[in-house]
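A.B. asks: Here is my input, please return the structure:
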Amino acid sequence: MKVSRCRYREVLGYVILALLMVAISGPPACAQEANESRQLERVEVLPPERRPAPAPARRAGRAAESDQISRSDFPEPRYDEVPSSPETTLSPSTRDLVEAKSGISIGAEALPAQVQIITPEDIQQLNIRGADMSDLFRRIAAVKPVNFGQGQLSTAIMMRGFRSSGQVGLFVDGVPQNFPAWNNGFEISWLAPEVIERIEIIKGPFSALYGDFAMAGVINITTKKSDPSPSVRSFGGSFGAFRAFGMLSDETWVPTPLLAYEYYRTDGYRENSQLRQWSPFNKVSIPLYGGVLSLRYNYFDSVYGAPGYLPIDWVKSGQMDRLRAINPSDGGDRQRFELVMNYAPACGERGLYGTLYTGDSHHIRYATFLPVTSSQFARQEDRKFWGGRLYYNMVFRDIASLTVGGETRYDNGEVQQYSTVLRQRTTTRYDYEFSQTNCAIFLQAQIKPVEQVKIVGGVRWDFFTQDISNLVLPEYSGKGFPYIRSPKIGFVFTPTKNFNIFGNIGCGFRSPNVTELSPYRTSGTPDFSLDPAMVQTYDIGCNASLFGNLYLAADYYHTNMMREIRIINLHPQIVGDTVREGYELEAKYFPSENINFFASYGWVDTSVTDPTTPGQNLVVEISEHSIKGGVTMQKDFGPYGKVLADLYYEYFSGGPYYPSSGTAEQLATPIYGPDFDAYNFKLNYSGRGWSAFVSGRCVPREYSSDYTWVSDNFLAFDPKPKWDVMSGLTYTFW
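C.D. replies: Here you go, the predicted model:
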């Protein structure tokens with residue numbers, strides 16, 4: 001189905017036209033006069049281990065970290081100047097989710113959509129276990145982070161009834177991290193948590209600034225430009241885990257460096273689950289022409305073993321030990337580098353934003369799947385990529401804004417799969433050489449016709465050129481030129497202070513990959529006219545801050561997806577058009593500055609409207625229910641230091657799966673995976689430059705895992721340890 005058939009195109013066109021006319025006819029207030037622009041209020045997040053010291057002199061203004069703007073980078077009133085309750089105990093980031101929703105801004109919080117934010121303070125409280133970056137998202141409402149347990153396979157984030165592979169877009173400093181033309185997923189283990197300034201989780205395809213893979217939503221990560229002072233830290237934990245990390249930075253230096261180096265190793269819970277990785281992250285920022293220019297180079301290298309997935313019934317019956325590895329030679333290695341340049345205004349939103357990047361990625365994985373233990377194969381991907389983005393944001397006082405820009409990305413590489421014995425190549429299953437170019441232009445506009453109402457409209461035009469050489473089946477080689485237009489429109493209604501009602505309608509998409517365009521089996525048919533897979537979705541929701549200490553949010557969504565493709569028993573298959581609808585509820589309570597509670601519930605229903613296999617009416621792998629909750633407490637003992645304790649819980653119901661063979665009745669009968677839950681805790685003491693922590697994770701269900709799947713009609717899982725404990729030290733130099 002082509003996007004030109006989107007039933008909202010006429011409405012969107014009228015809205016955009018109206019916004020442009022209002023913007024053009026507005027008063028000549030585009031110039032950023034000193035008396036119209038408030039000074040940027042720098043947001044300081046001080047690590048608890050930092051010694052008490054006089055605050056260093058501040059540099060004037062602070063630029064957005066990348067061309068993906070963070071709300072904390074906007075000029076806005078100090079909270080003690082805002083006419084809000086002086087006794088409020090909500091955290092600044094939580095208050096901003098409500099207060100920024102009705103404002104004119106290109107920040108994530110201002111979108112008419114459900115948005116959640118992770119700050120450095122939040123990261124400091126989390127129980128992050130070494131290289132498992134999915135731990136960053138374990139407190140986020142209705143988001144299911146997944147650790148595949150197979151080394152550096154990928155980072156999986158599921159939300160709104162979608163998997164992360166090609167259905168959630170992830171960006172770091174404006175650089176798209178998904179791997180187009182292949183598995184479309186992303187891997188961010190190269191990014192140390194200590195260098196992250198901010199993570200924005202945008203539910204739904206509701207910002208025109210994001211294109212390919214922004215279907216279920218967007219995860220936008222912004223890295224720091226500086227830390228207050230240099231620091232070193234390390235920890236040790238269960239199963240031989242060890243991590244060493246050092247950072248050299250000082251916010252008063254110009255140019256401002258952020259040089260971070262990480263080494264991590266673990267022997268793992270199961271046989272052949274060892275992992276070794278190291279990652280230097282080097283970034284320098286300098287003021288330039290009223291803005292800030294940041295240059296970043298990072299490298300990542302990892303080697304890992306992979307224990308494989310075990311049939312749950314075999315483990316329960318004692319037929320196979322839960323610690324056993326299927327094949328001791330399974331595993332792989334991953335290397336990548338990126339060179340990135342960002343430019344953004346030093347203060348405020350108005351102005352020019354730019355990003356340029358280039359990189360190189362290599363990954364090879366050896367895997368064996370039961371019940372045939374001699375079935376080892378290798379998947380190898382090598383690619384080079386480069387791209388850039390340039391856009392200008394026009395702000396018309398506090399009544400309208402217009403963002404106009406364009407971007408491009410080019411990928412070139414080779415992907416192949418071949419049978420192996422003890423990592424020695426035997427026969428080739430498929431081998432593709434590919435190149436893909438994505439060029440796009442986008443518009444996003446906002447207007448407040450009255451104080452209580454804001455309208456947001458946007459549209460993208462994305463053009464692709466895909467050139468595929470099928471080296472195994474040369475007759476299946478060819479070129480494709482997909483094109484898609486993805487409009488979005490929404491509103492925010494603020495009937496009273498600190499209460500917002502919002503709604504949105506939007507289209508999202510992902511580009512086809514090589515195996516969809518050019519099958520690797522002769523039973524398939526090449527189709528280079530294939531359009532991008534597309535979703536049409538709408539939301540209605542609200543959020544509010546009450547009594548100065550309570551945050552509430554609710555959201556309902558309905559999503560239609562055309563021509564969904566899922567991996568079933570290792571092969572991509574078109575399962576048909578699908579529908580997802582659900583709702584999310586979230587609450588945060590701050591009875592005092594030293595204690596806060598959070599809780600959330602998510603429900604999603606999925607269905608296949610015209611299944612390729614009769615009776616298979618559910619979207620596989622998707623948990624229907626999710627529950628999260630926790631409490632954070634801290635106590636300041638003055639000169640004796642500070643203690644912080646954090647405890648949180650997560651639960652996901654088991655997702656459905658279908659067998660790949662059997663009678664018609666068996667094929668139509670879903671197999672449900674086990675429910676999964678886990679408890680996380682962390683206790684941190686800090687004072688006089690030193691800090692120490694102890695943390696742990698408990699998975700109480702013996703035959704459960706956050707990721708399960710069906711392999712040759714067996715429900716398989718990666719067994720988790722019941723307890724995983726760590727402790728560590730940090731020293732900050734000044």
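
A.B. asks: quick one, helices of this structure?
C.D. replies: With helices called from DSSP state H, the chain shows them at 9-25, 92-99, 120-125, 312-317, 514-517, 664-667.

A.B. asks: Could you list the low-pLDDT ranges of this structure?
C.D. replies: 1-86, 164-165, 563-576 (pLDDT under 70).

A.B. asks: What residues does the residue nearest to the spatial centre of it make contact with?
C.D. replies: Closest residue to the average C-alpha location of the chain: residue 219 at 3.3 Å, with CA atoms, centre = their mean. Contact partners of residue 219, counting by CB atoms under 8 Å, 6 or more residues apart in numbering, are 157, 168, 169, 170, 171, 199, 200, 201, 202. Heads up, the C-betas are built off the backbone N, CA and C, glycines and all.

A.B. asks: 6 Å instead, please
C.D. replies: 170, 201 (CB atoms under 6 Å, 6 or more residues apart in numbering).

A.B. asks: any idea how far it is from residue 177?
C.D. replies: 9 Å (CB to CB, to the nearest Å).

A.B. asks: between those two, what contacts are shared?
C.D. replies: residue 170.

A.B. asks: Show me where the stretch 101-250 of the chain has its strands.
C.D. replies: In the stretch 101-250 of the chain, the strands defined using DSSP state E, counting those that start in this stretch lie at 115-118, 143-146, 156-159, 168-172, 175-176, 196-203, 217-223, 231-237, 241-249.

A.B. asks: Quickly run through the sheet partners of the fourth one, with directions.
C.D. replies: So that's strand 168-172. Here strand 168-172 has these sheet partners by DSSP bridges: strand 175-176 (antiparallel), strand 217-223 (parallel).

A.B. asks: ok, what's across the strand from the residue nearest to residue 679 when sequence neighbours are not counted?
C.D. replies: Using CB to CB, 6 or more residues apart in numbering and skipping residues adjacent in sequence, the residue nearest residue 679 is residue 698, 4.5 Å away. Judged by DSSP bridges, the bridge partners of residue 698 are residue 679, residue 723.

A.B. asks: And the residue found closest to residue 702 once you drop the neighbours it is linked to in the chain, how far from residue 368?
C.D. replies: Excluding the flanking residues, the one nearest residue 702 by CB to CB, 6+ apart is residue 722, at 7.4 Å. According to CB to CB, residue 722 stands 26 Å off from residue 368.

A.B. asks: which of these two has more neighbours?
C.D. replies: residue 368 (20 against 12; other CB atoms under 10 Å).

A.B. asks: The more buried one contacts residue 325, doesn't it?
C.D. replies: No - with contacts counted by CB atoms under 6 Å, residue 368 stays clear of residue 325, the gap being 9.2 Å.

A.B. asks: my guess is residue 510 meets residue 163, correct?
C.D. replies: No - between residue 510 and residue 163 no contact is recorded; they are 11.4 Å apart, counting by CB under 6 Å.

A.B. asks: Beta-bridge partners for residue 630, please?
C.D. replies: For residue 630, the beta-bridge partners under DSSP bridges are residue 598, residue 648.

A.B. asks: Identify the residues contacting it.
C.D. replies: Listed by CB under 6 Å, 6+ apart, the contact set of residue 630 reads 598, 647, 648.

A.B. asks: Among those residues, name the buried ones.
C.D. replies: Among these, those classed as buried by neighbour count (16 or more other CB atoms under 10 Å) are 598, 648.

A.B. asks: of all the contacts of residue 630, which comes closest to residue 478?
C.D. replies: For the contacts of residue 630, the closest approach to residue 478 (CB to CB) belongs to residue 648, at 50.1 Å.

A.B. asks: which strand is the longest one in the protein?
C.D. replies: strand 424-450 (DSSP state E).

A.B. asks: tell me which residues in that one are buried?
C.D. replies: 430-438, 440, 442-448.

A.B. asks: Report the strands that pair with that strand, each with its relative direction.
C.D. replies: Counting by DSSP bridges, strand 424-450 is paired with strand 400-421 (antiparallel), strand 453-470 (antiparallel).

A.B. asks: centre of the chain versus it, how much separation?
C.D. replies: Mean-position distance between strand 424-450 and its chain equals 16 Å (CA atoms, centre = their mean, to the nearest Å).

A.B. asks: Could you do stretch 520-530 as well?
C.D. replies: The answer for stretch 520-530 is 31 Å, by CA atoms, centre = their mean.

A.B. asks: Quick one: end-to-end length of it, please.
C.D. replies: Taking CA to CA, to the nearest Å, the first and last residues of stretch 520-530 lie 16 Å apart.

A.B. asks: Please verify my assumption that residue 607 contacts residue 579.
C.D. replies: Yes - Residue 607 is within contact range of residue 579, at 5.1 Å (criterion: CB under 6 Å).

A.B. asks: Not counting sequence-adjacent ones, nearest residue to residue 690?
C.D. replies: Once flanking residues are discounted, residue 690 sits nearest to residue 731: 5.8 Å by CB to CB, 6+ apart.

A.B. asks: State the distance from residue 638 to residue 437.
C.D. replies: Residue 638 is 60 Å from residue 437, by CB to CB.

A.B. asks: and what of residue 154?
C.D. replies: 24 Å.

A.B. asks: likewise residue 139?
C.D. replies: 38 Å.

A.B. asks: Can you report how many residues lie near residue 112?
C.D. replies: 29.

A.B. asks: Near the closest residue to it other than its chain neighbours, how many other residues are there?
C.D. replies: Ranked by CB to CB, 6+ apart and with sequence neighbours excluded, the top spatial neighbour of residue 112 is residue 490, at 3.4 Å. Using other CB under 10 Å, residue 490 has 24 neighbouring residues.

A.B. asks: re earlier: now tabulate the contacts of residue 630 in a markdown table and tack on distance to residue 268.
C.D. replies: Formatted as a markdown table, the contacts of residue 630 follow (distance: CB to CB, whole Å):
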| residue | distance to residue 268 |
| --- | --- |
| 598 | 31 |
| 647 | 26 |
| 648 | 24 |
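
A.B. asks: quick one: which of the contacts of residue 630 is nearest to residue 131?
C.D. replies: Of all the contacts of residue 630, residue 648 has the smallest distance to residue 131: 20.4 Å, by CB to CB.

A.B. asks: separation between residue 118 and residue 124?
C.D. replies: 11 Å.

A.B. asks: residue boundaries of the strands in the stretch 251-400 of the chain?
C.D. replies: With DSSP E, counting those that start in this stretch as the criterion, the stretch 251-400 of the chain has strands at 256-266, 275-288, 291-305, 310-311, 331-345, 351-367, 377-396, 400-421.

A.B. asks: Among the ones you listed, show me which one is buried the most.
C.D. replies: Ranked by mean neighbour count, the strands of the stretch 251-400 of the chain are led by strand 310-311 with a mean of 23 (mean count of other CB atoms under 10 Å).
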